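> Provided below are the primary sequence and the corresponding predicted coordinates.
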There are 2 protein chains.
Amino acid sequence: MLSNACQYAIRAILYLGIQTDENNKIGVKQISEDLETPQPFLAKLLQQLTKTNLVSSTKGPNGGFYLSEKDTKNSVWDVIKTIDGTSKFDSCFLGLSKCTDETPCPVHFIVSPFKEKLLNSFRDKTIEQYVIEIQQTGKIISLKDFDILKN
Amino acid sequence: MLSNACQYAIRAILYLGIQTDENNKIGVKQISEDLETPQPFLAKLLQQLTKTNLVSSTKGPNGGFYLSEKDTKNSVWDVIKTIDGTSKFDSCFLGLSKCTDETPCPVHFIVSPFKEKLLNSFRDKTIEQYVIEIQQTGKIISLKDFDILKN
DNA sequence: CTAAAAAAAGATTTTTTAGTCTTTAAATAA
DNA sequence: TTATTTAAAGACTAAAAAATCTTTTTTTAG
């Protein structure tokens, strides 16, 4: 459903939410290793997110990417809008241009509630809230997490 | 989630379920018009479905594609397996290689039940059953359906 | 038996997505 | 102030998906 780019971006922003703040920045190299994503490709994505003010960065030694306090108030939905756009959430599962509640496709009423639910989760929950939930319930977003689990 | 190819194929097979049988075949041209799909591309797909025995066809004048009695006993899942493969239903929404019930990604428990439900619908319901449901509840799969609605 | 109608086969092109490489700019530590 | 470290920018390449075009084969109506 989501492009690779968007999957990487979401995982990266959650990762940054967990690992970083104004005083703890991380470079692309480390991020891409932990997330198992292609380094230069992820760099591009982080640049995009930085340009749209979803992620913060500083150059030079000890620089890197991080989420500011403010950044953590954004939503996963913001990331999706930036990287993939919203079309995948608007469009019919079977590709019908005119699939609606009134003229539904054969799977409309199976797919629709799910999209709604997922959209709500992405739109109404902040990165910060996701991070808290991830930490409290031990969710996984990177290889690093498996190392943590082992300890 | 599904490729264009697969969306076209599913709609085509349901269309054939509704419109055709051994004595009423339809050519690609008409099918692609009704479904609003690129004609030569759909032709390819129908050939693939024919080769894997999900769709029947005969060449020559008055030939075309159709679903035999037997064909209608197959499932939408069979179509997906033929065209896209199953990977999209196995893999994590955020692209994590190791996302499971035990080590879930942050959206695993939102996405998982949906995939389950959708998979069941695709796997356990025959084309025939889909067709009946479509006819009884007035679901939409093609432009043609809108013409029908108007009458 | 032949012409026309249709699918089958396969080569080709286009577009999109994914990913890489190279150069430039900024920041900082020494 | 200079070397080093890091992101930013942009050009480039590769692979996959989508779509098209051309030729061949089969069928059947006349």
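Done, it's in. Numbers count the residues shown, from 1 in each chain, chains lettered A, B, ... in the order given.
> In which helix or strand does A:Ser57 reside?
Assigned by DSSP states H and E, A:Ser57 belongs to strand A:56-58.
> tell me which strands and helices that strand is in contact with?
In terms of contacts (3 or more C-beta pairs under 8 Å, 6 or more residues apart in numbering or on different chains; DSSP states H and E), strand A:56-58 is packed against helix A:39-51, strand A:64-66. C-beta coordinates here come from the backbone N, C-alpha and C atoms, glycine included.
> If we use 7 Å, what do you get?
Here strand A:56-58 touches strand A:64-66, going by 3 or more C-beta pairs under 7 Å, 6 or more residues apart in numbering or on different chains; DSSP states H and E.
> roughly how far out does the helix or strand following the strand it packs on sit from the chain middle?
Downstream of strand A:64-66, the next assigned helix or strand under DSSP H and E is helix A:76-83. Distance of helix A:76-83 from the chain centroid (C-alpha atoms, centre = their mean, to the nearest Å) equals 7 Å.
> where exactly do the helices run in chain A?
Per DSSP state H, chain A carries helices over the ranges A:4-19, A:28-35, A:39-51, A:76-83, A:87-90, A:108-124, A:127-137, A:143-150.
> Out of the ones you listed, which is closest to B:Ile127?
Nearest of those to B:Ile127, taken as C-beta to C-beta: helix A:108-124 at 16.5 Å.
> list the buried ones in the closest one?
Across helix A:108-124, burial judged by 16 or more other C-beta atoms under 10 Å in any protein chain shown covers A:His108, A:Ile110, A:Val111, A:Ser112, A:Phe114, A:Lys115, A:Leu118, A:Ser121, A:Phe122.
> Closest one to DNA strand D out of these, please.
Closest approach between the buried residues of helix A:108-124 and DNA strand D, by C-beta to the nearest atom of the strand: A:Val111, at 17.6 Å.
> what's the distance between the closest one and chain B?
7 Å (C-beta to the nearest C-beta, to the nearest Å).
> can you count the residues close to the residue lying closest to that residue once chain neighbours are set aside?
Distance criterion C-beta to C-beta, 6 or more residues apart in numbering or on different chains; nearest residue to A:Val111, sequence neighbours excluded, is A:Phe93 at 4.5 Å. Other residues within reach of A:Phe93 by the criterion other C-beta atoms under 10 Å in any protein chain shown amount to 21.
> of all the helices of chain A, which lies closest to B:Asn24?
Nearest to B:Asn24, of the helices of chain A and by C-beta to C-beta, is helix A:108-124 at 27.3 Å.
> can you pull the contacts of A:Lys51?
By C-beta atoms under 7 Å, 6 or more residues apart in numbering or on different chains, the contact list for A:Lys51 is empty.
> And for the one 5 residues further on?
Taking C-beta under 7 Å, 6+ apart, we find A:Ser56 in contact with A:Thr50, A:Tyr66, A:Leu67, A:Ser68, A:Asp71.
> Buried ones among these?
Buried, going by 16+ other C-beta under 10 Å: A:Tyr66, A:Leu67, A:Asp71, out of those.
> Any regions of chain A where pLDDT drops low?
Along chain A, segments meeting pLDDT under 70 span A:147-151.
> Around DNA strand C, which positions in it sit nearby?
A:3-5, A:8, A:38-41, A:43-44, A:58-63 (C-beta under 7 Å from any atom of the strand).
> Looking at these, spot the one nearest B:Gly85.
Looking across those and measuring by C-beta to C-beta, the closest to B:Gly85 is A:Asn4, at 16.9 Å.
> excluding its backbone neighbours, what's nearest the closest one?
A:Asn4 sits nearest to B:Gly95 (C-beta to C-beta, 6+ apart), 6.6 Å away.
> before we move on, what about A:Cys92?
A:Cys99 (3.6 Å).
> Tell me who's in contact with that neighbour.
A:Cys92, A:Cys105, A:His108, B:Ile140.
> quick one: the residue nearest to A:Asn4 and A:Gln7 touch, right?
Yes: with contact defined as C-beta atoms under 7 Å, B:Gly95 reaches A:Gln7; the gap is 3.7 Å.
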